[in-house]
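In: need the 3D shape of this:
(one chain, ligands or ions: 1)
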Amino acid sequence: MIAKDRLIFPLDVPDAQEARKHVALLGEHVGVFKIGLELFVAEGPAIVDTIADLTDAGIFLDLKFHDIPATVQRAIRSGSCIRRANFVTVHCDPSLLEAVAAEVSDHTKVLAVTVLTSLHTRQLTALGIQPELAEEVVKLVVQRARIAREAGCAGVVCSGHEVRAVKEEYGDDLLVVTPGIRPEWGDVSKDDQRRIVTPYQAVRNGADYIVVGRPIRAATDPVEAASMVVNEIQRGLEDRDQVA
Ligand code: C5P
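Out: Sure thing, here's the model as predicted:
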């Protein structure tokens, strides 16, 4: 994998027309396009084929499934869009993850969502998470990474603050995808992300892939922004190899 392959760009746009524009603009500059709820609900499952037919980049279908195992398993089985995707996301629940991991082929990697990067201690406590875990989110994330690993998932999604702990525990046995990336040079100021790091820090800490949306989409020159992110990924890889 080269540095660019590790950059995931979310197509957080309202319709296929906008999505196509971003794929045409960034197709050579990112490794994976992520289709999330907004685009999927607007356009339906056919959007996966539409995007996959336009690009050699990978496809990440980020629907963050969360229901009883039998229901999600049937949804996974029924969708050719799932088979076309290289990554799908499922919330972290042991029997749900097991059911999904057993259902997909090696082509489709199941990623368990550990703790959303928009959440912080106060919100986690309000959700009923034990205070000691809410205060040290890293412990909660590592606990959920263990669940994901034992269930047979290919990887997890977690913030750049927790990557190192997950990698120390599982190394190459568990892929880590890190959203909540904010480059120092970006001008996305107040938004909903909380546990943020720069592209360099995320990769240096061990992330296999990073998700970078608004800092690229909102840049005056998105192609230049994407290539600046790729440069940071490259530096992060070099520095972490030196330590290893
Ligand atoms: O870089 P930006 O904040 O715009 O990226 C937002 C994207 O990252 C969204 O598509 C969102 O679903 C995704 N994401 C996230 N936190 C997670 C998992 C995915 O922000 N834990």
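
In: would you say V72 is within a helix?
Out: Yes. The assignment for V72, made by DSSP: H, G, I helix; E, B strand; the rest coil, places it in a helix.

In: for the longest strand along the chain, give me every contacting residue.
Out: Across the chain, the strand with the greatest residue count (assigned by DSSP state E) is strand 58-65. Under the criterion Cβ atoms under 8 Å, 6 or more residues apart in numbering, residues 5, 8, 10, 31-37, 40, 48, 51-52, 72, 75-76, 81-82, 84-91, 96, 100, 113 lie in contact with strand 58-65. For glycine as for every other residue, the C-beta is placed from the backbone atoms N, C-alpha and C.

In: again, 6 Å this time
Out: In this structure, residues lying in contact with strand 58-65 by Cβ atoms under 6 Å, 6 or more residues apart in numbering are 8, 32, 34-36, 52, 72, 85-91, 113.

In: next: stretch 36-54.
Out: With Cβ under 6 Å, 6+ apart, stretch 36-54 has contacts from 10-12, 14-16, 19, 23, 33, 59, 62, 79, 81, 84.

In: got any ranges where this structure has weak pLDDT?
Out: When residues are selected by pLDDT under 70, those of the chain lie in 188-194, 243-244.

In: mind listing what the residue of it with the smallest separation from the ligand touches?
Out: Residue nearest to the ligand within the chain (Cβ to the nearest ligand atom): G213, separated by 2.6 Å. Taking Cβ under 6 Å, 6+ apart as the contact definition, G213 lies against P10, D12.

In: partner strands of the longest strand of the chain and their direction?
Out: The strands beside strand 58-65 in its sheet (DSSP bridges) come out as strand 32-36 (parallel), strand 87-91 (parallel).

In: can you check which of the ones you listed gets nearest to V223?
Out: Nearest to V223 among those is strand 32-36 (14.8 Å), distances taken as Cβ to Cβ.

In: show residues contacting the lengthiest helix in the chain.
Out: Of all the elements of type helix in the chain, the one with the most residues (DSSP state H) is helix 222-243. The contact list for helix 222-243 (Cβ under 6 Å, 6+ apart) reads 3-4, 6-7, 26, 29-30, 199-200, 203-204, 212, 216, 219.

In: how about the helices in the protein?
Out: With DSSP H as the criterion, the chain has helices spanning 16-26, 37-43, 46-54, 69-78, 80-84, 94-103, 121-126, 131-135, 137-151, 163-170, 199-204, 214-217, 222-243.

In: out of these, indicate the one that is most buried.
Out: helix 199-204 (a mean of 26; mean count of other Cβ atoms under 10 Å).

In: I'd like to know which elements that one is packed against.
Out: In terms of contact count using 3 or more Cβ pairs under 6 Å, 6 or more residues apart in numbering; DSSP states H and E, helix 199-204 is assigned the packing partners helix 222-243.

In: cutoff 10 Å now
Out: Helices and strands touching helix 199-204, by 3 or more Cβ pairs under 10 Å, 6 or more residues apart in numbering; DSSP states H and E, are helix 163-170, strand 175-178, strand 209-211, helix 222-243.

In: Q130 is nearest to which of the ones you listed?
Out: In this view, those are compared for proximity to Q130 by Cβ to Cβ, and helix 163-170 is the closest at 17.7 Å.

In: please see if the closest one touches the ligand.
Out: No. Using Cβ under 6 Å from any ligand atom, helix 163-170 stays clear of the ligand, with a minimum separation of 12.3 Å.

In: restrict that helix to CA atoms and write it as PDB.
Out: What follows is helix 163-170 as a C-alpha-only set of coordinates in PDB (Å, rounded to 0.1, in the frame of the first residue of the first chain):
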ATOM      1  CA  VAL A 163      -5.000   3.900  18.100                       C
ATOM      2  CA  ARG A 164      -1.700   3.300  19.900                       C
ATOM      3  CA  ALA A 165      -3.400   1.400  22.700                       C
ATOM      4  CA  VAL A 166      -5.300  -0.800  20.200                       C
ATOM      5  CA  LYS A 167      -2.200  -1.400  18.100                       C
ATOM      6  CA  GLU A 168      -0.100  -2.300  21.200                       C
ATOM      7  CA  GLU A 169      -2.700  -5.000  22.000                       C
ATOM      8  CA  TYR A 170      -3.400  -6.300  18.600                       C
END
